[in-house]
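**Student:** sequence and predicted model, in that order:
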Amino acid sequence: MNKKQQIGQQGIAGTKTRLVTAENPFACLHYPTLADHPDSVCASLEACIQKRGPMTLTKVMDVFNPVFEALTTFHRSGKGREDISPRTLFLRDSELFLSEPCEKGTDAERCEVLKRGFASPESYFSSTPAGPGADVYSLSAVICYCLSGVQPPAAPDRAISDDPDEFAAGLRISGLQKEVLLKGMAMQLSRRIRSVSELQAELATSLAAQLQEPPKKAPTARAECSMEQLLCLAQQGDTDAQYRLGLRLLKGNGIPRDIRKAVSWFQKAGEQGNASAQCELGNCYADGKGLPVDKPEAVRWYRKAAAQGNARAQNHLGSCLMAGVGCIEDRSEAVGWYRSAAELGLAEAQYNLGRCFDAGTGVPADTQEAEKWYRRAAAQGHLGAQNHLSRSVR
């Protein structure tokens, strides 16, 4: 078998997977041979998509959150894995696991690692080990597959095509999401999204834009519901009602304040994927409202909500990363989340982003860019931004 034929082959799923978390991206879990037990509690992402069909972006962002975190941590070494595909990712109870890294010292081992449709161009054509950019390509291709159920063409086939992105025309993915994923799968590394955290932030922004589109049917006015109506809807599993019921109990709006019950409803809604409830739950852990103070747990919930495009959670997550509260300090990633929230119109995030550009924190100093974000925040009534602009005029 020649090298080109080897490159086109699929790799073999191993028997060991790693539970990926930001704190410990290499904690090992052992399972029976997954390929021999397709009905086991843990199945490859490929098997799940083939059996259940494509995922929504909301589901993808929630499920992939630990992978985003772990790869961001791993990439600080400057290395890439190069073996990410639906066959090396495994789902168990809505938790995503990344397989044991494959050895790729020899040419034969390197060919075995490459997954057709998911390996980056540099993984095929470069003789040196690929860096984090290769994983950005692979992860974008995997997410594209999860959203559409269609495997992207192999990088060598795209390289010789007159239009490398032609395959995307028939994919049933929203325009903005498709644009982000094609940037992540850019054939030239210089044109590709630079990091996994940037890919996560851009997808979160596209999801937020999608969620802000006018619904086809008028939603129920939950904010105007009586407590009895909200309670009835919440007990039926309506996550928006659960979130709003939690807010009323937290603030005591027209009812006795009950923080513990509020937290309970936030947890119910948050565990079902309600981003607003996830953000409030993060606040509760951060401030010790109805729960013991737990900064890492607060960050975990902020990440879940931020990944779904919740601007407040993105801003909170940025502040945690900026100061290293409940997580490893990462000012560059913090700026990325501030920017995502700022572009969604959150005044506090616009102010924070302005301060970053002003001081050169996590980003090169740029007074013009700083003033732009200060002005946007000030236009929304942000006092800190207004005071800064008034001082700079004197």
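**Tutor:** Perfect, I can see it now.
**Student:** where along the protein do the strands fall?
**Tutor:** For the chain, the strands defined by DSSP state E cover 16-19, 27-30, 43-44, 89-92, 95-99.
**Student:** where among these is average confidence lowest?
**Tutor:** Lowest mean pLDDT within the strands of the chain: strand 27-30, a mean of 31.
**Student:** poorly predicted segments of the stretch 151-300 of the chain, please.
**Tutor:** Where the stretch 151-300 of the chain drops to pLDDT under 70, the residues are 161-162, 170-172, 210-224, 254.
**Student:** same question for the stretch 1-150 of the chain.
**Tutor:** Residue ranges of the stretch 1-150 of the chain with pLDDT under 70: 1-42, 92-95, 97, 99-114, 125-127.
**Student:** any idea how this structure splits into domains?
**Tutor:** Domain segmentation of the chain under automatic domain parsing yields 3-211, 217-272, 279-394.
**Student:** comparing the ones you listed, which comes out most buried?
**Tutor:** Mean neighbour count, computed with mean count of other C-beta atoms under 10 Å, is highest for domain 279-394 among those, reaching a mean of 20. (C-beta placed from N, C-alpha, C; glycine too.)
**Student:** distance from that domain to the middle of the chain?
**Tutor:** Domain 279-394 sits 17 Å away from the centroid of its parent chain (C-alpha atoms, centre = their mean, to the nearest Å).
**Student:** which stretches of the stretch 251-394 of the chain form helices?
**Tutor:** Secondary structure of the stretch 251-394 of the chain (DSSP state H, counting those that start in this stretch): helices at 259-271, 275-287, 295-307, 311-323, 331-343, 347-359, 367-379, 383-393.
**Student:** check which helices and strands the shortest one sits against.
**Tutor:** Under the contact criterion of 3 or more C-beta pairs under 8 Å, 6 or more residues apart in numbering; DSSP states H and E, the helices and strands touching helix 383-393 comprise helix 347-359, helix 367-379.
**Student:** next one: the second one
**Tutor:** Packing contacts for helix 275-287, counted by 3+ C-beta pairs under 8 Å, 6+ apart, involve helix 239-251, helix 259-271, helix 295-307, helix 311-323.
**Student:** ok, now the fourth one?
**Tutor:** Judged by 3+ C-beta pairs under 8 Å, 6+ apart, helix 311-323 is in contact with helix 196-211, helix 275-287, helix 295-307, helix 331-343, helix 347-359.
**Student:** adding distance to residue 251, write those helices out as a markdown table.
**Tutor:** Below are the helices and strands packed on helix 311-323 laid out as a markdown table (distance: least, C-beta to C-beta, whole Å):
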| stretch | distance to residue 251 |
| --- | --- |
| helix 196-211 | 24 |
| helix 275-287 | 11 |
| helix 295-307 | 19 |
| helix 331-343 | 23 |
| helix 347-359 | 19 |
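**Student:** quick one: closest of those helices to residue 263.
**Tutor:** Smallest distance to residue 263 across those (C-beta to C-beta): 5.3 Å, for helix 275-287.
**Student:** now do the contacts for the closest residue to residue 386 other than its chain neighbours.
**Tutor:** In space, and not counting its chain neighbours, residue 386 is closest to residue 378: 4.5 Å by C-beta to C-beta, 6 or more residues apart in numbering. Residues counted as contacts of residue 378 (C-beta atoms under 8 Å, 6 or more residues apart in numbering) are 385, 386, 388, 389.
**Student:** just the pLDDT for the first one.
**Tutor:** By that I understand residue 385. At residue 385, the model reports a pLDDT of 88.
**Student:** ok, it touching residue 350?
**Tutor:** Yes - Residue 385 is in contact with residue 350 according to C-beta atoms under 8 Å; the separation is 7.2 Å.
**Student:** hey, what's in contact with both of those two?
**Tutor:** With contacts defined as C-beta under 8 Å, 6+ apart, the residues shared by residue 385 and residue 350 are 374, 377.
**Student:** that older thread, for residue 269, find the nearest of the helices and strands packed on helix 311-323.
**Tutor:** Checking the helices and strands packed on helix 311-323 against residue 269 by C-beta to C-beta gives helix 275-287 as the closest, at 3.5 Å.
**Student:** would you turn the helices and strands packed on helix 275-287 into TSV with distance to residue 115?
**Tutor:** Below are these laid out as TSV (distance: least, C-beta to C-beta, whole Å):
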stretch	distance to residue 115
helix 239-251	36
helix 259-271	32
helix 295-307	24
helix 311-323	31
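**Student:** which one, of these, ends up nearest to residue 164?
**Tutor:** Nearest of the helices and strands packed on helix 275-287 to residue 164, taken as C-beta to C-beta: helix 295-307 at 28.0 Å.
**Student:** how far off helix 275-287 does that closest one point, in degrees?
**Tutor:** If you take axes from the mean of the first three to the mean of the last three C-alpha atoms, to 10 degrees, helix 295-307 sits at 160 degrees to helix 275-287.
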